[in-house]
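# Take this sequence and fold it.
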Amino acid sequence: MGYFTTEEVEMGLNENGEAGKWGFETDEIVGYIQPDGDRHGIKELTHKPSGVQVVHPKYDVFNLFFMFSTNHCMGTARDNKRTIEMDDETIEIHWEPTEDHKAEITAKYEVVKPNIIDLSITVHSNWPYPGYEVFLSNYFHRSLKPHVYVQGSPFDDPADKARWIAPQVNDVFVGTGLVFSRDQHAARRSVDGRWDRIWGLYQWNPQRYFEFPVIMSVDAEKGVAAVLMSRPEDCYAVISGYDSDNDDDPFADQNPLYMSLFGDDFRVSDERTVEVRFAVTEIDEAMSQPLGLYESFLVEKGTTLF
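This next block holds a predicted model:
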């Protein structure tokens with residue numbers, strides 16, 4: 001297999017003949033990126049120090065799914081034709097405009113550190129789209145459990161302090177995707193009709209506001225977390241499933257973490273870029289490492305919230 005590493009990047013096809021799979025290995029993670037097909041994105045990924053299998057064996061991380069605007073679904077990037085370019089450090093996927101989605105999308109994947117993969121998504125719009133969204137899907141091994149970093153509540157203990165929560169199945173929200181949005185305005189995006197014409201199977205269920213757009217899936221026994229993060233202006237909501245033993249429930253079986261990217265209005269000829277980071281890290285009981293990684297991410301991108 002050809003690998004790209006943090007010291008010396010070398011891209012190549014998988015030596016076992018599986019064309020289109022581009023491998024990477026660092027001191028901490030090993031896996032591959034598949035740029036083509038409906039299941040494009042980061043595929044098998046192992047955290048080498050612990051042996052934890054991070055990605056769901058059937059699915060992927062950093063998979064561009066739906067494109068939306070207010071009250072309207074414009075199809076899926078999964079099904080659309082694309083072109084693929086690679087250099088020594090990146091894989092770039094480009095989707096041309098279609099009749100349903102009059103905008104170009106370029107997604108660039110890059111392994112930048114021993115435990116980090118970055119994704120930038122650039123959209124150039126040829127049409128006015130209110131509340132434009134790229135819905136990014138990520139699916140994790142069932143041994144990992146979803147966690148969301150939410151704003152504090154006066155009824156928490158301690159009160160009014162941001163905290164990690166781990167959703168557990170209950171009768172209130174079983175069968176629904178749990179939407180943690182930036183604010184009240186952002187929360188309305190998820191229920192503005194954009195999903196109504198797609199699936200009657202799933203309901204999107206706004207919950208508490210996130211403190212930061214950071215969401216993770218955790219193997220508490222082995223002390224490993226797979227962390228997704230974005231700049232606050234780039235991501236208006238994060239969506240999780242919940243811990244459940246019901247294999248027939250897709251929010252448990254697929255073990256998803258989604259990100260609603262962009263969210264603002266596009267005019268003709270507007271071009272914007274969002275940045276998303278995926279990191280696999282060891283964690284302590286206080287789960288302090290993910291926020292440290294997020295702070296470093298923001299500093300790199302020229303933003304400071306801490």
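# does the spatially closest residue to Trp195 that is not a sequence neighbour have beta-bridge partners, and which?
Leaving aside its chain neighbours, Trp195 sits nearest to Trp204 (6.1 Å; criterion: Cβ to Cβ, 6 or more residues apart in numbering). For the C-beta atoms, the positions are set from N, CA and C on the backbone; glycine is no exception. Bridge pairing for Trp204 (DSSP bridges) gives the partners Gly177.
# Does Trp204 touch Phe180 like I think?
No - counting by Cβ atoms under 8 Å, Trp204 does not reach Phe180; the two are 11.1 Å apart.
# more crowded one of those two?
When neighbours are counted by other Cβ atoms under 10 Å, Phe180 comes out ahead of the other of Trp204 and Phe180, with 24 against 18.
# Double-check the more buried one against Val238; I have them as touching.
Yes - between Phe180 and Val238 there is a contact at 5.2 Å, judged by Cβ under 8 Å.
# so what sits against both of the two?
Contact criterion Cβ atoms under 8 Å, 6 or more residues apart in numbering; residues shared by Phe180 and Val238: Val148, Phe210, Ile215.
# Let's have those in JSON lines, adding neighbour count.
Output for those, formatted as JSON lines (neighbours: other Cβ atoms under 10 Å):
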{"residue": "Val148", "neighbour count": "23"}
{"residue": "Phe210", "neighbour count": "24"}
{"residue": "Ile215", "neighbour count": "26"}
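# from these, which single one is nearest Cys73?
Ile215 (22.8 Å; Cβ to Cβ).
# Skip the chain neighbours and tell me the closest residue to that closest one.
Val238 is the one closest to Ile215 (Cβ to Cβ, 6+ apart), at 4.4 Å.
# The one you found - that's part of a strand, no?
Yes - assigned with DSSP: H, G, I helix; E, B strand; the rest coil, Val238 falls within a strand.
# and it, what is it in contact with?
With Cβ under 8 Å, 6+ apart, Val238 has these contacts: Val148, Val179, Phe180, Phe210, Pro213, Val214, Ile215, Leu228, Leu257, Tyr258, Met259, Ser260.
# secondary structure element for the last one?
Secondary structure assigned from DSSP states H and E places Ser260 in strand 256-262.
# Okay, now the sheet partners of that strand, with direction.
Within its sheet, and counting by DSSP bridges, strand 256-262 is paired with strand 133-139 (antiparallel), strand 235-240 (antiparallel).
# any chance of those strands in TSV, with mean pLDDT too?
Below are the strands paired with strand 256-262 laid out as TSV (pLDDT from 0 to 100):
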stretch	mean pLDDT
strand 133-139	98
strand 235-240	98
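# Dump the ones you listed into a markdown table; add distance to Arg272 as well.
Shown next, in a markdown table, are the strands paired with strand 256-262 (distance: least, Cβ to Cβ, whole Å):
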| stretch | distance to Arg272 |
| --- | --- |
| strand 133-139 | 10 |
| strand 235-240 | 13 |
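# Isn't Ser143 up against Ser217?
No - shown here, Ser143 and Ser217 do not form a contact pair, counting by Cβ under 8 Å, at 9.1 Å.
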